[in-house]
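Undergrad: Below is the sequence, then the predicted model.
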Amino acid sequence: MPYIAWHPRTRRPLVVLTRSGAGAKVRLVHSEVPFEVPVGELQHYPWAADPHAPPGFVAVLLDTPQAVCEGDWLVVVGCARRVRAQAAYSAGSRVLELEGYGKWVLAAPRVAYRRPPAGGRTF
């Protein structure tokens, strides 16, 4: 199952597709083109050095705009902002009310930060 890891060298979150030996097949969130990186270069949430991640949160990939939840954090204009409310918009997108920002439309896959579920299981 794909998961999100922080890649300090590029300062980007990556979707980890598969791991084999010393390499991992990854892709950027907004891309379908896979590439390889050394496994040792990936850091796992919530202990990663992602400057946008709120403390105690894990990164999750929102494959669709409908996957966003109130209380999630999204990076918008360089800052992590909490989702206060959401509503349907057009063609499957969502309009979000972001704390300290106002309304913003989520229309594509994106990394969000969410509290890990009880029991310590990660996404």
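TA: Thanks, I have it.
Undergrad: Most distant residue from the centre of the chain?
TA: The centre of the chain is farthest from one residue, Gly21, which by C-alpha atoms, centre = their mean lies 24.8 Å away.
Undergrad: Neighbours of the nearest residue to that one once chain neighbours are set aside, how many?
TA: Residue nearest to Gly21 in three dimensions, not counting chain neighbours: Val39, with 7.9 Å by C-beta to C-beta, 6 or more residues apart in numbering. Every residue, glycine included, has its C-beta placed from N, CA and C. When neighbours are defined as other C-beta atoms under 10 Å, Val39 has 14 of them.
Undergrad: ditto for the one 3 residues further on
TA: The burial metric for Leu42, expressed as a neighbour count using other C-beta under 10 Å, is 20.
Undergrad: Which strands border the helix-or-strand element of the chain with minimal mean pLDDT, and is each parallel or antiparallel?
TA: None of the helices or strands of the chain scores lower by mean pLDDT, DSSP states H and E than strand 43-44, at a mean of 83. Strand 43-44 has its sheet partners listed here by DSSP bridges as strand 3-7 (antiparallel).
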